[in-house]
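for reference, the sequence and a predicted model appear below.
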Amino acid sequence: MNILVCVKRVPATAGKITLTPDERAIDTKFLAFTVSPHEECAVEEAVRIVEAGGGTTTVLTLGPDDAADQLREAMAIGIEQAILLATDGQEWSPAATAGAIVDAIRAREAADGPFDLILLGNEAADSGDYQVGVGVAVALDRPVVTGVKGLEVRDDAVVARREAASGGWEVYEIPRPAVFTVREGLNLPRYPSVPGRLRARKKEIERIELPAGGRDSAMIRLRVPVERESHVEILGEGPDAAPRVVEVFRRLGLIA
Amino acid sequence: MILVVIEHSAGTPDRLSAEALTLGRTVAGATGEPLEAVAWGSGARDAAAAAGAAGATTLHVVEDDRLAEHAPEAIGKALAQLVGSLAPAAVIAPSSDRAGEVMAHVAARSDLPLAANCTEVRPGDPWQVTRQRWGGSLLEEARLEGSSRLLTAAPHAFEPAVLTAGTAAAAAVKPFTPDLSDRDFRVRVTARVPAEAGKVSLADARVVVSGGRGVGSAEGFAQLDELAALLGGAVGVSRVVTSAGWRPHAQQVGQTGTRVAPDLYIACGISGAIQHLVGMRSAKNVLAINTDRDAPMVTRATWAVIGDLHTVLPAVIAEVKSAQKA
């Protein structure tokens, strides 16, 4: 099995988001970076599939040179090869991103043969465009299932599960080669080991520089939404507040 | 023409589709374009009454028996063909998993930009949209180019359209037969696993009792389970909890988990990272139980109890039980 995983470097936001003065990016001066959560699961899944059945794994990202850190995180968990589509750090549109990924896939496949599976996140944590995976699959004319939370590789097919809108699961059985966009919950990603990190540090990354003119972003500016004003009513401290909590339940009709 | 994608169950549009119809009507009003709709699947023709009530003059029904089960590539291709022939000024879809996926196929096949999760649409030259990033904790103002502007409506950003007919005429049904081959159906639902019977679904629960880092362990959830059962609600968790393996991911509330909209969200030991807050922002009321008075979850709550959840919850449970006995 030859597997490609696409990941994206995103800031590890937790508290309030602050923007750069030009309002075109998040101010990351005081932030660490990580991989989108869905993609952490994609990386873990690729490693598990190859651990179980053999094969090769490659991780790819489109981003600034610093995104090599995220490629190394993936390699620390067990991915073997890495490709960096290097940008000047400006954001790329989803269509331009899919196009650049497809070009890189075609070049790699011409040299090394096809990827049986291409895994991406269902959507990037930051831009949330919900379309790069489908764009890649359509350009390559490969079947794609989005929002996957269960994958089973069989000899002749792949069985993917995703949550149905009405509860329960939808099951898709499709031939390879295929593209899957996955969701957090697919698995519980492992933490990289120290030897894994050391190995990853020495590995080579294939760097392909992308032309700055290709990014095609439609963004005008970013804006932090105005917070709803809240007037929290403190019901009390500790267990003594219980009667007032139950009063709230009663007022909302939750208990008789 | 403004074309709205309707997802429905036996002809009854779902809530997100009703919201998309509201946005469609607004955009149609602003541009002077007629409002039309499109649906597929079994019972699609029956959506004509609701579409008419929402202001649509025509309901295009994509007809192909093979579309009875969800087949995203096929319906994406069919919709791209319809968009190509109708040349609508905009296509507005709900932001459900399915409709979003279908729109991504339309965008890729038609080589048109797609703006996901829009909270505002401003027709003009060029059209502009405001759309959600980071699950809604950040907004982007963007241009939306293309001969047909493709977009999805952010969930709960618009009031659902009233779908009962009243005096409005039903939309005129116009069948559309797409040109699809068997190969276009290589991705389709081949089996279904039904939901567990009798369980309160997290997404639909009226009450969610949710736990975070402060719960401290898998065992610590016993009190949350008990309170949820007493109130007929569901248990939710923050990402810390699933990453630690204390509870399954299916219970995670947040940007990469489930979005909930209960009457009451009880946040126990959850500080309130933005990725969690976007998952419960539609809750009507929030009760925070936290040791930290300044935690973001507490400052945003309707009510708060300052204290350790492991002493507060047993007292609350006892009080509920004695109230229910009385």
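Sure, I can see it.

show me where the stretch 1-150 of chain A has its helices.
Using DSSP state H, counting those that start in this stretch, the helices of the stretch 1-150 of chain A run over residues A:37-53, A:68-77, A:94-112, A:132-140.

okay if I get the ones you listed as a markdown table plus mean pLDDT?
A markdown table is the format used below for these (pLDDT from 0 to 100):
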| stretch | mean pLDDT |
| --- | --- |
| helix A:37-53 | 97 |
| helix A:68-77 | 98 |
| helix A:94-112 | 97 |
| helix A:132-140 | 98 |
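
which outside residues touch stretch A:15-32?
A:11-13, A:91, A:126, A:219, A:221-224, B:134, B:137-138, B:273-274, B:296 (CB atoms under 8 Å, 6 or more residues apart in numbering or on different chains). Backbone N, C-alpha and C define where each C-beta goes, glycine included.

try it again at 6 Å.
Contacts to stretch A:15-32, defined as CB atoms under 6 Å, 6 or more residues apart in numbering or on different chains, come from residues A:P11, A:A12, A:R221, A:L222, A:V224, B:L138.

who's the first one bridged to?
With DSSP bridges as the criterion, the beta-bridge partners of A:P11 are A:F33.

tell me which parts of the stretch 201-326 of chain B are close to chain A?
Contact residues, the stretch 201-326 of chain B versus chain A (CB under 6 Å from any CB of the partner chain): B:201, B:231, B:249, B:256, B:263-264, B:273, B:300-301, B:303-307, B:311-312, B:315-316, B:319-320, B:323.

so chain B: which segments form each domain?
B:2-185, B:207-325 (automatic domain parsing).

any chance of CSV for those domains, columns mean pLDDT?
Shown next, in CSV, are the domains of chain B (pLDDT from 0 to 100):
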stretch, mean pLDDT
domain B:2-185, 96
domain B:207-325, 95
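
closest one to A:D240 among those?
domain B:207-325 (7.7 Å; CB to CB).

start to end distance for stretch A:166-177?
The first residue of stretch A:166-177 is 29 Å away from its last residue (CA to CA, to the nearest Å).

re earlier: can you list the domains of chain B in TSV and add mean neighbour count?
Below are these laid out as TSV (neighbours: other CB atoms under 10 Å in any protein chain shown):
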stretch	mean neighbour count
domain B:2-185	20
domain B:207-325	21
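
near A:P195, how many other residues are there?
9 (other CB atoms under 10 Å in any protein chain shown).

right, I mislabeled it, should have said A:A86
So A:A86, with other CB under 10 Å, has 18 neighbours.

against chain B, how distant is it?
Separation of A:A86 from chain B (CB to the nearest CB, to the nearest Å): 23 Å.

run through the residues that contact that residue.
A:D65, A:R207, A:E209.

what sits against the first one?
Just to be clear, that refers to A:D65. Counting by CB under 6 Å, 6+ apart, A:D65 has contacts A:A86.

the stretch 101-250 of chain B: helices as residue ranges?
Counting by DSSP H, counting those that start in this stretch, the helices of the stretch 101-250 of chain B are B:222-231, B:239-243.

SS state for B:L287?
strand (DSSP: H, G, I helix; E, B strand; the rest coil).

I'd say it and B:I266 touch.
Yes: the pair B:L287 / B:I266 is scored as a contact, 4.8 Å apart, by CB atoms under 6 Å.

how many residues are close by A:T58?
25.

which residues does it form a beta bridge with?
With DSSP bridges as the rule, A:T58 is bridged to A:L4, A:Q81.

ok, B:G43 - contacts?
B:A10, B:G11.

repeat for B:H8
Counted by CB under 6 Å, 6+ apart, B:H8 has contacts B:A39, B:A47.

distance of it relative to A:A67?
42 Å (CB to CB, to the nearest Å).

same deal with B:A10?
Counting by CB to CB, the gap from B:A10 to A:A67 is 47 Å.

coming back round to it: any chance of the helices of the stretch 101-250 of chain B in a markdown table, plus distance to B:A154?
Below are those laid out as a markdown table (distance: least, CB to CB, whole Å):
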| stretch | distance to B:A154 |
| --- | --- |
| helix B:222-231 | 29 |
| helix B:239-243 | 22 |
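
out of those, which is closest to B:I75?
B:I75 lies closest to helix B:239-243 among the helices of the stretch 101-250 of chain B, at 32.4 Å (CB to CB).
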